[in-house]
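A.B. asks: Predicted coordinates and the sequence they were generated for:
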Amino acid sequence: MNKIMEASKQLGEYLRKYALILAVAESCTGGGLAYAMTSLPGSSIYFDRGFVTYSNQAKQEMLSVSSDLLSRYGAVSEEVAIAMAEGALKFSKATVALAITGIAGPDGGTIDKPVGCVWFGLIAHNKPKKSICKYFSGDRQSIRDQAIEFSLQALLAYTQSV
């Protein structure tokens, strides 16, 4: 079993055990996280929905990310990652949500936000919000896979934290 599927299985087992429901909001990973989570039998018990909000317009319409946040900080930012996670939680039946927004490349990077820069937003009922910025390297698919694997590990750690 590859690393992503192993991490999905581990997270799914934890979510099921503690009756947590997950929603995800994805940009640069294009639905890869939702695909990984729903590849497992029985995932409908703990996975509610995934939002693929690749464009800024989709982020605004589906997750209520404000145009002000997008213009002030850019789609690849801590603020937008948190807003995406908040929207995923608000527009689902989830108890925990994770958002991913980044630059998978090969273009689109800047000095401040190079290719491989990915922000993660995590939120759950009765828990403080958390954001994480990671820098991944490699080609487009490698960056996306690394972001998906990391998000699964980060979500497991976040849900297990007090």
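C.D. replies: Arrived safely, thanks for sending. Owing to the predicted nature of the structure, the values given are computational and were not obtained by experimental measurement.
A.B. asks: got any ranges where this protein has weak pLDDT?
C.D. replies: 1, 162 (pLDDT under 70).
A.B. asks: gap between the residue nearest the centre of the chain and P106?
C.D. replies: Central residue of the chain (Cα atoms, centre = their mean): A99, 2.9 Å from the mean position. Per Cβ to Cβ, to the nearest Å, A99 is found 23 Å from P106. Backbone N, C-alpha and C define where each C-beta goes, glycine included.
A.B. asks: now S66
C.D. replies: 30 Å.
A.B. asks: Neighbour count for these two, which is higher?
C.D. replies: S66 (13 against 10; other Cβ atoms under 10 Å).
A.B. asks: Just list the residues touching that one, thanks.
C.D. replies: 60, 83 (Cβ atoms under 8 Å, 6 or more residues apart in numbering).
A.B. asks: try the one 4 residues further on
C.D. replies: For L70, the residues meeting the contact criterion (Cβ under 8 Å, 6+ apart) are 56, 59-60, 80.
A.B. asks: Mind giving me the packing neighbours of the lengthiest helix in the chain?
C.D. replies: The longest helix of the chain (DSSP state H) is helix 140-160. Contact here means 3 or more Cβ pairs under 8 Å, 6 or more residues apart in numbering; DSSP states H and E; on that basis helix 140-160 packs against helix 3-17, helix 32-38, strand 96-102, strand 117-124, strand 130-135.
A.B. asks: Who are the packing partners of the third one?
C.D. replies: Judged by 3+ Cβ pairs under 8 Å, 6+ apart, the packing partners of strand 96-102 are strand 22-26, helix 78-90, strand 117-124, helix 140-160.
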